[in-house]
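>>> could you work out the structure for the sequence below:
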Amino acid sequence: QVQLVESGGGLVQAGDSLRLSCAASGRTFSSYAMGWFRQAPGKEREFVGAISSSGGNTTYYANSVKGRFTISRDKAKNTVYLQMNSLKPEDTAVYYCAIRDGGGLRVRESLYDVWGQGTQVTVSS
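Residues are numbered from 1 along each chain as shown. Okay, here's the model as predicted:
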C-alpha cells in the first residue's frame, strides 16, 4: 500500500510563494499520476493539477491556478511538489495530494486510489 504525506503548508500573505511536498512511501506504482486537490471552507474539494510519471512528466492544471502553480517531481525522493506563486486569498484551503495507478491525468477525485492527510494553506490579504 502506498502512503502519502503532505508538508509545507502555512500562513502567507497575498503575493507570496509556498511549496508543498507530497512524499510517497510503501509500494509504488510502476506508472502513476499524482494529483493535487484543495478544499476551502464550505466548498467541495476541487482539482488543482496533476503530473504523470510517464510521457516526460506531463502536467495539467486547473484554469484557476494555471500560470501560478507548477507541479514537479523528484523521482529519486519519491516526492512530488506543488510550487505556488502569486498566492491569493482565494487559494486558502486544505491541500491534498493523491495518487492513481496508471499515468493518465484525471481531474475526478474518485479516480485516485490513495490520499494524503492534507496540509493547510492560508493566504491573508
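>>> what sits up against whichever helix or strand Ala24 is part of?
For Ala24, the enclosing helix or strand under DSSP states H and E is strand 18-26. For strand 18-26, contacts defined as Cβ atoms under 8 Å, 6 or more residues apart in numbering pick out 1-10, 12, 34, 36, 77-84, 87, 95, 97, 99, 116, 119, 121. In short, each C-beta sits where N, CA and C put it, glycine included.
>>> continuing past it, what's the next helix or strand?
strand 32-39.
>>> now the end-to-end length of stretch 39-51.
Start-to-end span of stretch 39-51 (Cα to Cα, to the nearest Å) is 19 Å.
>>> how about stretch 22-37: buried residues?
If you call a residue buried by 16 or more other Cβ atoms under 10 Å, then stretch 22-37 has these buried ones: Cys22, Ala23, Ala24, Phe29, Tyr32, Ala33, Met34, Gly35, Trp36, Phe37.
>>> actually stretch 108-120, not the one I typed
Buried residues in stretch 108-120 (16+ other Cβ under 10 Å): Glu109, Tyr112, Val114, Trp115, Gly116, Gly118, Thr119.
>>> understood, closing this out.
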